[in-house]
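>>> Sequence and predicted structure below; questions after.
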Amino acid sequence: MPEKTASSTVGSDGEDAVLSKMWDFHSGLRMGFMLSAIAEIGIADELVDGPLSVDELAQRTGSDPNGLYRVLRAMASKGVFTETSRRTFGLTPLAEILRSDTSNSLRDVFRLQGKPFMRNAYAEIGYSIRTGKPAFDHVNGEELFTYLSRHPEMNELFSGAMGNAAGQTQQAAIEAYDLTGARKLVDIGGAHGHLLASILAKYPDMKGVVFDQPHVVPGAEQVLRDAGVLDRAELVGGDYRRSVPAGGDVYTISHVLHQLGDDDVITVLTNIRRVMSPSGRVLVIDPLLPEGDAPHPGKFMDITMMALSEGRDRTEEEFIEVFEKAGLRLSETVGLASPSSVVVAVPS
């Protein structure tokens, strides 16, 4: 009599649970598209003052009432919006995140995900699996940042989405790491200055520099002004693959290294090592991937990197390797359970 395998001994209840889980994953594709569409239309913003009928929402947003109802009904079944009475919907905590006026807004993140130039790259992830190359370049005919430089409207949306997403993970990471005593902080790849604005607001004696591509850094001026720290900040344009500003005793590089392959990571870190003081620190804010089957949001962020760039998210051992090649050594890691950790390097 043949031996039973582990899978063959699973009862019907277990099989149902497994099938249900897989169908859930399958539905996730449609859920992602619906979230993008609803974020683009701006439904959550219309519900700030309370529930509205689908007819009213459709009139305000130029939508078809029946199509909108069917989508909101499906989303409400997952806890995004709630049908407070027949064909009338209100916000839930999940739906609140789709508002454009909240500190934890992810509206632009979902809007970006739905744009064809991004959506099609994710859909072609099989290309990246087969070739090891970014699906984005394959689909759009050029790499991501070249594309964005030629499409100002999409570049603005991309910067806003990255600011929304990074702001939350960055804030958690920085709250976990004490920068008391630092005099000048240089934020490499600082985009529109959200990270530096948060840090300078917390440390009133610190000065800072936002360093990014020349066409990007002007967007940081208003962010820093709104935070009341523009008088302590400097905006510098350049290419971190060539050089970085000198004079910082702390260098932050947030959600940049995971966009780069190892050779470019070593180049950027070497450029920082060349101008930092012997007592300086480099704070890398990136997902830090656990080994094995342990769940971590960074393992899915890594797939985004695979689809969009030559980059990757890294384990602690992989950080140690690139640090060593750049003349640095791992000093400590903070926030290991967070979506993003602070990986601290010092001169070796």
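Yes, it's here.

>>> How far off centre is stretch 49-69?
Chain-centre distance of stretch 49-69: 30 Å, with Cα atoms, centre = their mean, to the nearest Å.

>>> Now tell me what touches it from outside.
Outside of stretch 49-69, the residues that reach it under the criterion Cβ atoms under 8 Å, 6 or more residues apart in numbering are 41-43, 46-47, 72, 84-85, 87-90. For every residue, glycine as well, the C-beta is placed using N, CA and C.

>>> Then stretch 201-212?
Where contact means Cβ under 8 Å, 6+ apart, the residues beyond stretch 201-212 that reach it are 174, 179-180, 182-191, 193, 196, 199-200, 217, 220, 224, 227-229, 232-238, 240, 244-245, 247-248.

>>> can you pull the buried residues of it?
When burial is assessed from 16 or more other Cβ atoms under 10 Å, stretch 201-212 yields the following buried residues: 203, 206-212.

>>> Among the residues you listed, which ones are in strands?
Taking DSSP state E as the definition of strands, the buried residues of stretch 201-212 contribute 207-212.

>>> any chance of those in CSV, plus pLDDT and distance to residue 270?
As requested, those are exported to CSV (pLDDT from 0 to 100; distance: Cβ to Cβ, whole Å):
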residue, pLDDT, distance to residue 270
207, 97, 25
208, 97, 22
209, 98, 19
210, 97, 21
211, 97, 16
212, 95, 19
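
>>> from these, which is closest to residue 17?
Ranking those by separation from residue 17, with Cβ to Cβ as the measure, puts residue 212 on top at 47.5 Å.

>>> I figured residue 105 hits residue 99, correct?
Yes. Between residue 105 and residue 99 there is a contact under Cβ atoms under 8 Å: 5.9 Å.

>>> Look at these two and report which has more neighbours.
For residue 105 versus residue 99, the count of surrounding residues by other Cβ atoms under 10 Å is larger for residue 105: 24 against 20.

>>> Check the secondary structure at residue 343 for me.
When classified by DSSP: H, G, I helix; E, B strand; the rest coil, residue 343 comes out as strand.

>>> nope, residue 285 is what I meant
Reduced to three states with three-state DSSP, the structure at residue 285 is strand.

>>> so who does it touch?
The contact partners of residue 285, taken as Cβ under 8 Å, 6+ apart, are 169-170, 173-174, 195, 252-255, 340-343.

>>> now with 6 Å?
Contacts here follow Cβ atoms under 6 Å, 6 or more residues apart in numbering; on that basis residue 285 touches 170, 173, 254, 340, 342.

>>> what about the residue lying closest to it once chain neighbours are set aside, neighbour count?
In space, not counting the residues next to it along the chain, residue 285 is nearest to residue 254; the distance is 3.9 Å by Cβ to Cβ, 6 or more residues apart in numbering. Counted with other Cβ under 10 Å, the burial measure for residue 254 works out to 26 neighbours.

>>> try the one 10 residues further on
Per other Cβ under 10 Å, the neighbour tally for residue 264 reads 18.

>>> Ok, residue 277 next?
Neighbouring residues of residue 277 were enumerated by other Cβ under 10 Å; the total is 11.

>>> do residue 40 as well
For residue 40, the tally of surrounding residues (other Cβ under 10 Å) stands at 17.

>>> Likewise for the one 4 residues further on?
The criterion is other Cβ under 10 Å. On that basis, residue 44 has 24 neighbouring residues.

>>> Isn't residue 176 up against residue 335?
Yes. Because the distance of 4.5 Å satisfies Cβ atoms under 6 Å, residue 176 is recorded as touching residue 335.

>>> The two: which has the busier surroundings?
Comparing residue 176 with residue 335 by other Cβ under 10 Å, the one with more neighbours is residue 335, at 19 against 13.
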